[in-house]
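S.K.: structure of the sequence below:
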Amino acid sequence: MPTPVNQRVQKRRQALRAAGLRPVQVWLPDTRRPGFAEECRRQAQVTAHADESDLDLNIFLDAALSEIDDEEPA
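M.R.: Residues are numbered from 1 along each chain as shown. Modelled structure (predicted):
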């Protein structure tokens with residue numbers, strides 16, 4: 001007879017704990033919620049606008065991109 005699901009789950013969790021891991025519950029925004037996509041767009045626009053005015057960030061990103069381009073094989 002197969003092992004019941006709850007026993008398999010318990011065994012798996014015990015193995016993970018023995019490996020030094022612990023369970024963590026994470027709450028994330030509900031992407032199905034009305035208005036979610038609009039709020040993402042709004043926050044992206046705010047971030048993009050802030051990034052446009054940050055000269056130091058632009059210099060840093062350009063330098064990082066340059067280093068990546070230099071490492072790519074021809």
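
S.K.: geometrically speaking, which residue is the centre of this structure?
M.R.: The centre of the chain sits closest to Leu28, judged by Cα atoms, centre = their mean, with a distance of 10.8 Å.

S.K.: do you know how far that one is from Cys40?
M.R.: Between Leu28 and Cys40 the distance is 13 Å, computed by Cβ to Cβ, to the nearest Å. All C-beta atoms are positioned from the backbone trio N, CA, C, and that covers glycine.

S.K.: same check, this time on Asp30
M.R.: For Asp30 relative to Cys40 (Cβ to Cβ), the value is 12 Å.

S.K.: equivalent analysis for Leu61, please.
M.R.: Computed as Cβ to Cβ, the Leu61 to Cys40 distance reads 22 Å.

S.K.: for Ala48, same thing?
M.R.: From Ala48 across to Cys40, the span is 12 Å (Cβ to Cβ).

S.K.: higher neighbour count, those two?
M.R.: Comparing Ala48 with Cys40 by other Cβ atoms under 10 Å, the one with more neighbours is Cys40, at 12 against 9.

S.K.: can I get the helix or strand where the more buried one lies as CSV, trimmed to CA atoms?
M.R.: Per DSSP states H and E, Cys40 falls inside helix 36-52. Provided in CSV are the C-alpha atoms of helix 36-52 (Å, rounded to 0.1, in the frame of the first residue of the first chain):
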residue,chain,number,x,y,z
PHE,A,36,-2.3,45.4,-10.2
ALA,A,37,-0.9,46.0,-13.8
GLU,A,38,-1.7,49.7,-13.6
GLU,A,39,0.1,50.0,-10.3
CYS,A,40,3.1,48.2,-11.7
ARG,A,41,3.2,50.6,-14.7
ARG,A,42,2.9,53.6,-12.3
GLN,A,43,5.8,52.4,-10.1
ALA,A,44,7.9,51.6,-13.2
GLN,A,45,7.3,55.1,-14.5
VAL,A,46,8.2,56.7,-11.2
THR,A,47,11.4,54.6,-11.1
ALA,A,48,12.3,55.4,-14.7
HIS,A,49,11.8,59.1,-14.1
ALA,A,50,14.0,59.0,-10.9
ASP,A,51,16.7,57.1,-12.8
GLU,A,52,16.7,59.7,-15.7
